[in-house]
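>>> Got a predicted structure plus its sequence, pasted below:
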Amino acid sequence: MNKAVNNGVWSGSWVAERLGVALDGDEQLTDLLGLALRRNPKRAHLLVSHVLGKHVPQSPSVVYGYGFTLGRRVRDLLGDRAAASAVVLGYAETATGLGHSVADGLALAPYLHSTRRPVAGVPQAGGFEESHSHATSHLLLPEDPTLLAGDGPLVLVDDEFSTGNTVLNTIRDLHERYPRRRYVVVALVDMRSAADAGRLEDFAREIGARVDLVAAARGTVRLPEGVLEKGQRLVAEYEDMSRPGARGCVESAATAARARQAPTGPQPTTMRVDLRWPPGLPDGGRHGFTPHHRIRLETALPTMTARLAEALPKNAHRVHILGFEELMYAPLRLARELEQITDAEVTYSTTTRSPVLAVDDPGYAIRSRLVFPAHDDPADGPGDRYAYNVAGAGFDAVVAVVDSAADTPHLHAPDGLLAQLAAHTPRVVLAVVPSYVPERPSMLPEPLRGPAFSSYPPEEVGWLLQDLSEVTLEAPTEEREEAIQSGGAHYAESLPVEYQPSAQYQELFQAALEASAARLAQAVGAVTEVVLAERSPHPVLVSLARAGTPVGVLMRRWAEHRHGLDLPHYAVSIVRGRGIDANALRWLAAHHDPRDVVFVDGWTGKGAITRELAAAIEEFEAAEGVTGFDPEIAVLADPGSCVRTYGTREDYLIPSACLNSTVSGLISRTVLRADLVGPHDFHGAKFYRELAGADVSVDFLDAVSARFTEVADAVDAQAKELLSADRTPTWEGWAAVERISEEYGIHDVNLVKPGVGETTRVLLRRVPWKILARAGAGADLDHVRLLAEQRGVPVEEVAELPYTCVGLIHPKYTRGATGADGRAVMV
């Protein structure tokens, strides 16, 4: 193992003696790190890792072993269940290989690394800035747009954790889009100053999440006053000394060819080897790398490495594998495999964008520097690139591993990387890994329609979903709640067992429908008239499956009844914490003017989906370059005062909330699970054909539509009043939910479900704790009281409640804790 201390000389002593910089901390710190200087306006010194595989040639087993061991520590910290729902994110360029090795240690998690290389046709899922880096803009370009949208732990991996700015920038950006409960920061070294030590904990409290830190070693850097200016002067002095004609081997790309004389002995040979990289296997984590990808890679590694070994000189004693900037993991795995099958000493490092001063002194970490032009057509234009500690190292062969995007004429030019290497080794081998570019689907499938999918007539609604009817997705309510609240699963990854109503409950539904049909018809007419007047004279109705779908059908029927309009209507999936189905939006944008799209839902509770939709539309339009979608939802009832477009703000029973699929076209809740829904698929759902005998979906629609004529005058008056009123959302429902959450000691607004509709859902699908009912509430709560009685859940009457009722999910769930006595009650 190459250490930062050799023959008693620490590779940071040169800088330490001249600038007064010192490392304090764990004993192994000076074994892991050396020091160098660079021209950087923010930080002159550079911590040079001897186990990262970037600047210093190192045994690939050592490099991979550090990352893999850190990954095992993270898995032990999280536990297997949470690790299986985690995502690992590495930082470009220095930590792309480290992050991937950490992901291998977790074994269960997909991996993504940030990149500075834009890829045409791949939308950006996020981005952030790295404050002290030579190049700062990071892009996140996952092939699967849902990769970062889960609520499992996010593991962020960097080579060093110093100020914490990079990590905080990342978490802040991603937490606003995809909030989650837990983050884990992983670094080879934790080098925070005393002033920075508390920032991570403060930030975690600010966002309401847990943030852990896992590092191989810990310490601090002591920097004397004026070290930046002094370091900059020192860099300038030594750069002047190393220009052509002076001692040292620092060269610029422009002068390298002129400064080098033609070799007088035998010409070094350069050989290209075809690795036969597996088709379709990503070259790294730029667009995501799954555990399945890792299995494919490890299956192919022995054969690829054998081909590489055949290209090496038979008598080679020292072989170096040189990766390329962000392409660190594939060369590392090849190097480690080669190390296992050859007697030669194998080392590994990679080229970099970062300019560092080279000083040929045992007490300095960067002893030589090769300078060559960028050879991958970088987005920020041409510039110099660097390979450190390769020149003069005495390698018998150097294997340059690049991706196909970097296999350009600049690579093969007289002053290019291959020529620079050929001046320092008898054999240069070039291995090219195909650059992975995600394929974009040329065509999305047409919407599903009844009777093949749903019990609605085909003209009533087209479902922008995929049919998962043959997949077993149902889990007992108690098991689902335990998994959801423990962070082991997202609610959209499974389905609750469909509630089969008793005869008494079915009678309640029919009575409620008879009593409220006219009131519902009036609200349907009012909201439709507002949409036609304010949003579009020919709207495209897009209901949020599935609660919004019966309302969308009714609005379509009103438009036809009153105005003779045949409005298109589609149902799409939106998932809290993961956003709206982006492929459904792509389909809509390809077939309709986004400005005509009106999103429809049944009712608002606290407004979580309203906020989710707004954020998802903003993100989609930024990534796709599509504009015009209006995230404002049209709802039948807005008791939470969360939207401008509604039929009423009363909180009353909408009978379609009483039942599940049997009042929603026999369609399940939507499903979003990585093994079932690919990056180019619509979200999924099931069609419960076997429940046709209990289906009242069309009966519900017909009962409300039958009242359209009698409520026409009332609709005109109500619509006129709404159009002239100030309907600015006050979000009073959200404020009430926050207050209730604290008053009842829940401390999680997601476990408070306000309104008749949401309370009904809690009783049908979740593990309820108690029901709060407004004092004096009448028949609108008959079905709630019946369900609560059947499930053994107490109903508590509360004065001054802004909703008719509020359902509270059990806040500290244990298996079977459904009723007041903590026992599950069979319905």
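Thanks, I have the structure now.

>>> Next up, the contacts around the residue most central in space within the chain.
Residue closest to the average C-alpha location in the chain (CA atoms, centre = their mean): Leu148, at 0.9 Å. Taking CB atoms under 8 Å, 6 or more residues apart in numbering, we find Leu148 in contact with Val87, Leu89, Leu112, Ala125, Gly126, Leu140, Pro142, Leu154, Leu174, Arg177, Tyr178. In this view, the C-beta of every residue, glycine as well, is placed from N, C-alpha and C.

>>> which one of those residues has the most neighbours?
Neighbour counts for these (other CB atoms under 10 Å) peak at Leu89, which has 31 neighbours.

>>> That residue contacts Gly99, doesn't it?
Yes - the criterion here is CB atoms under 8 Å, and Leu89 meets it with Gly99 at 6.8 Å.

>>> Next, show the common contact partners of these two.
In contact with both Leu89 and Gly99: Tyr111, His113, Val157, using CB under 8 Å, 6+ apart.

>>> could I have the longest strand along the chain exported to CSV, CA atoms only?
Secondary structure of the chain per DSSP state E: the longest strand is strand 210-222. Taking C-alpha atoms only, strand 210-222 is exported to CSV below (Å, rounded to 0.1, in the frame of the first residue of the first chain):
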residue,chain,number,x,y,z
ARG,A,210,-31.9,12.7,10.9
VAL,A,211,-28.4,13.2,9.4
ASP,A,212,-25.7,10.7,10.3
LEU,A,213,-22.0,10.9,9.4
VAL,A,214,-19.7,7.9,8.7
ALA,A,215,-16.0,8.4,8.1
ALA,A,216,-12.8,6.3,8.0
ALA,A,217,-10.9,8.9,10.0
ARG,A,218,-11.5,12.2,11.7
GLY,A,219,-9.4,15.3,12.3
THR,A,220,-9.0,19.0,11.6
VAL,A,221,-6.7,21.2,9.5
ARG,A,222,-5.0,24.0,11.4
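
>>> Which SSE is immediately downstream of that strand?
helix 227-241 (DSSP states H and E).

>>> which residue ranges form the strands in the stretch 1-150 of the chain?
Remark: strands assigned in the stretch 1-150 of the chain by DSSP state E, counting those that start in this stretch are 5-6, 9-10, 22-25, 33-37, 45-49, 87-90, 111-113, 126-129, 137-140.

>>> So for Val221, which of those strands sits nearest?
Across these, Val221 has its closest neighbour in strand 22-25 (6.1 Å, CB to CB).

>>> Lowest average confidence across helices and strands of the protein, where is it?
helix 253-259 (a mean of 35; mean pLDDT, DSSP states H and E).

>>> Where does pLDDT dip in the stretch 101-250 of the chain?
121, 127-136, 242-250 (pLDDT under 70).

>>> let's go with 80 and repeat that
120-138, 145-146, 150, 177, 239-250 (pLDDT under 80).

>>> show me where it has helices.
For the stretch 101-250 of the chain, the helices defined by DSSP state H, counting those that start in this stretch occupy 165-177, 199-207, 227-241.

>>> Tell me which of the ones you listed lies nearest to Val371.
Going by CB to CB, the one of the helices of the stretch 101-250 of the chain nearest Val371 is helix 227-241, 11.8 Å.

>>> Now do that closest one: which elements does it pack against?
Counting contacts by 3 or more CB pairs under 8 Å, 6 or more residues apart in numbering; DSSP states H and E, helix 227-241 packs against helix 13-19, strand 33-37.

>>> Pull out the buried residues from it.
Neighbour-count burial for helix 227-241, counted by 16 or more other CB atoms under 10 Å, picks out Val227, Leu228, Lys230, Gly231, Gln232, Leu234, Val235, Tyr238, Glu239.

>>> I figured Phe687 was touching Tyr456, is that so?
No - counting by CB under 8 Å, Phe687 does not reach Tyr456; the two are 10.8 Å apart.

>>> so what sits against both of those two?
Common contact partners of Phe687 and Tyr456 (CB under 8 Å, 6+ apart): none.

>>> picking up where we left off before, buried deepest among the helices and strands packed on helix 227-241, which one?
strand 33-37 (a mean of 26; mean count of other CB atoms under 10 Å).

>>> from the chain's centre, how far out does it sit?
34 Å (CA atoms, centre = their mean, to the nearest Å).

>>> As a markdown table, the helices and strands packed on helix 227-241 with mean pLDDT would be great.
Putting these into a markdown table (pLDDT from 0 to 100) gives the following:
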| stretch | mean pLDDT |
| --- | --- |
| helix 13-19 | 94 |
| strand 33-37 | 95 |
